[in-house]
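In: Could you look at this predicted model? Sequence included:
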Amino acid sequence: MRTGPQDIVLDVTRSLSRIGAGGDSGVDRVERAYIRHLMGLDGRVFFLTRVLRGAALLDRIGMARLLELAADPTHLPAPDLLGHLARRQNPARRRAESAARRLALGWATTQRLPGLLARHLSKGFAYINVGHTHLEPDHLIRLRAAGAGRIAVMVHDVIPLDYPEFSRPGTPAKFERLLRGVAANADIVIFNSADTATRAGRWFDRWGMSPATVTALLGVDPADPTPTAPAAHPHFVVLGTIEPRKNHLLLLNIWRRMHDTMPEADIPHLHIVGRRGWENENILDMLDRAPFMGRTVFEHGYLPDPDMNRLLGGARALLFPSFAEGFGYPLAEALQMGVPAICADLPVYREIVGDAATYLDPLDAPAWLAAISDFSALIQPNSISSLKIPFWDQHFSIVCEVLCVSGDPSVGKLDGCGPAS
């Protein structure tokens, strides 16, 4: 095992699993921001990803090449032997894992992971996981056995525990097991908001656990400075996976009501952007068969960022009626673009954007209908003057402060809190 300045290892399992999937979630965006930030630091930076039957460790050069290939999944190499064995994985994932193994400093089976890490990393290395994946308690224990001096895990939300009715069967129990493992094995738990910290803290208290924590609001990438003129016919946008928690049904019923009471020419358009999720038969029935679909309501699925920005930029407002969120990237990004937002009155939203949004009860359909009608009539939306969006430099400054101290005084301090020279 090497000694000297502390190495940094970022788990990129989530990013690898999402190659070719399209439609980034908020967690995907966070892991990508961490990759970008760490690639620009001084010091020794590594990237760990779960692959079939084990894990692969990449250095900065290998990770840069993997990102280059992943930018266009058709450039990924053909599956290797293990890739051919992974018949249940989608083709892009099989090829991505094969590329990771080929580009890696080394890869090992799960049981032999400590030896792989000990060969390549300095004693007391820092391990960071922000992807809500690869968090099994046994994995975190193996990292410690490999010499990890600092294990940091980000918790984005505790929705499966607070709102089990919005989760797939079995998810709440699995999530509880993983969160207990994080509390028991991580040196620091990073929360993306004070609201998430409060909600997770209640569960930690219930379990009699008190891990060290820090709250660092997520950053939002700077908006495109090019303004988009409002569309000639007013339209609204709702972003996110189509699932019951996102409350699309509220909006679809409002548009049904407008068709019952207004001339179609006067009805604003609703653009639904996001892949179809789970446990949402009622919503999918309306999307597939409601007579207003394709007339005033349009389902887009995944849209590339440039197309999404153009659609959102010309909207009268973003509609965000979710019952629960861990952070709410669409809200912050829309407001930063100068697009108004009508959203559910959730504590995390007020924490992130203050009074810059219009807040409504997510069950109060008449109030939503009235607000949509009011915003439809606006030719030019009111300026958003009270907005103070957090940026990534603020987030990483907080995280670096808690990570730049080794858990072992005999080991060198974390090298890499400053930008590469």
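Out: Happy to help now that I have it. Numbering: from 1, shown residues only.

In: Which parts of this protein belong to which domain?
Out: 8-219+393-403, 235-376 (automatic domain parsing).

In: just how off-centre is the last one within its chain?
Out: On the basis of Cα atoms, centre = their mean, to the nearest Å, domain 235-376 sits 19 Å off its chain's mean C-alpha point.

In: Worst mean pLDDT across the helices and strands of this protein, which element?
Out: Between all helices and strands in the chain, the lowest mean by mean pLDDT, DSSP states H and E belongs to helix 81-85, at a mean of 59.

In: what helices or strands is whatever helix or strand comes next after it leaning on?
Out: For helix 81-85, the following helix or strand on the C-terminal side (DSSP states H and E) is helix 91-103. For helix 91-103, the helices and strands in contact under the criterion 3 or more Cβ pairs under 8 Å, 6 or more residues apart in numbering; DSSP states H and E are helix 13-17, strand 45-51, strand 54-59, helix 60-70, helix 81-85. Every C-beta, even on glycine, is put in place using the N, C-alpha and C of the backbone.

In: and helix 91-103, what's its mean pLDDT?
Out: Within the predicted structure, the mean pLDDT of helix 91-103 is 83.

In: Same check on stretch 352-370?
Out: Mean per-residue pLDDT for stretch 352-370: 96.

In: contact partners of it?
Out: 193, 217, 247, 250-251, 253-254, 257-258, 317, 319, 321-323, 327-328, 331-332, 335, 340-345, 349-350, 371, 384, 386-390 (Cβ atoms under 8 Å, 6 or more residues apart in numbering).

In: Only the buried subset of those, as a PyMOL command please.
Out: Here is the PyMOL command that picks out the buried ones among these, judged by 16 or more other Cβ atoms under 10 Å:
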select buried, resi 193+217+247+250+251+254+258+317+319+321+322+323+327+328+331+332+335+340+341+342+343+344+349+371+384+387+389+390
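
In: Now intersect the contacts of stretch 352-370 with the helices, please.
Out: Among these, the ones falling in helices (DSSP state H) are 250, 251, 253, 254, 257, 258, 331, 332, 335, 349, 350, 371.

In: thought the fourth one was touching residue 376?
Out: No: if you go by Cβ atoms under 8 Å, residue 254 and residue 376 don't touch, sitting 11.8 Å apart.

In: Grab the nearest non-local neighbour of residue 165.
Out: Closest residue in space to residue 165, ignoring its immediate chain neighbours: residue 244 at 7.9 Å, by Cβ to Cβ, 6 or more residues apart in numbering.

In: In PDB, could you pull the C-alpha coordinates for stretch 130-146?
Out: Extracted as PDB, the C-alpha positions of stretch 130-146 are listed here (Å, rounded to 0.1, in the frame of the first residue of the first chain):
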ATOM      1  CA  VAL A 130     -23.100  10.600  -4.400                       C
ATOM      2  CA  GLY A 131     -25.100   8.300  -6.600                       C
ATOM      3  CA  HIS A 132     -27.400   6.400  -4.300                       C
ATOM      4  CA  THR A 133     -25.900   3.200  -5.700                       C
ATOM      5  CA  HIS A 134     -23.200   0.700  -4.700                       C
ATOM      6  CA  LEU A 135     -24.000   1.400  -1.100                       C
ATOM      7  CA  GLU A 136     -24.400  -2.100   0.300                       C
ATOM      8  CA  PRO A 137     -23.100  -2.400   3.900                       C
ATOM      9  CA  ASP A 138     -20.700  -5.100   2.900                       C
ATOM     10  CA  HIS A 139     -19.200  -2.900   0.200                       C
ATOM     11  CA  LEU A 140     -18.500  -0.100   2.700                       C
ATOM     12  CA  ILE A 141     -17.000  -2.600   5.100                       C
ATOM     13  CA  ARG A 142     -14.700  -3.800   2.300                       C
ATOM     14  CA  LEU A 143     -13.600  -0.200   1.600                       C
ATOM     15  CA  ARG A 144     -12.500   0.100   5.200                       C
ATOM     16  CA  ALA A 145     -10.600  -3.100   5.000                       C
ATOM     17  CA  ALA A 146      -8.900  -1.800   1.900                       C
END
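
In: Going by neighbour count, list what's buried in that stretch.
Out: Judged by neighbour count using 16+ other Cβ under 10 Å, the buried positions of stretch 130-146 are 130, 131, 132, 133, 134, 135, 139, 140, 142, 143, 146.

In: okay, among those residues, which ones form the most distant pair?
Out: With distance counted by Cβ to Cβ, no two of the buried residues of stretch 130-146 lie farther apart than 132 and 146, which are 21.6 Å apart.

In: wait, what's in contact with the residue nearest to residue 165?
Out: Contacts were defined as Cβ under 8 Å, 6+ apart; by that measure residue 244 touches 165, 166, 279, 280, 283, 323.

In: same thing with residue 250?
Out: Residue 250 sits next to 321, 362, 363, 365, 368 when contact means Cβ under 8 Å, 6+ apart.

In: rerun at 7 Å
Out: Shown here is residue 250, whose contacts under the criterion Cβ atoms under 7 Å, 6 or more residues apart in numbering are 321, 362, 365, 368.

In: Just name the closest of those residues to residue 289, please.
Out: Within the set of those, residue 365 lies nearest residue 289; the separation is 20.9 Å, counting by Cβ to Cβ.

In: can you give me phi and psi for the residue nearest to residue 165?
Out: When quoted as degrees, to the nearest 10, the phi and psi of residue 244 stand at phi -60, psi -40.

In: How about residue 311?
Out: Residue torsions, per degrees, to the nearest 10, at residue 311 are phi -70, psi -50.
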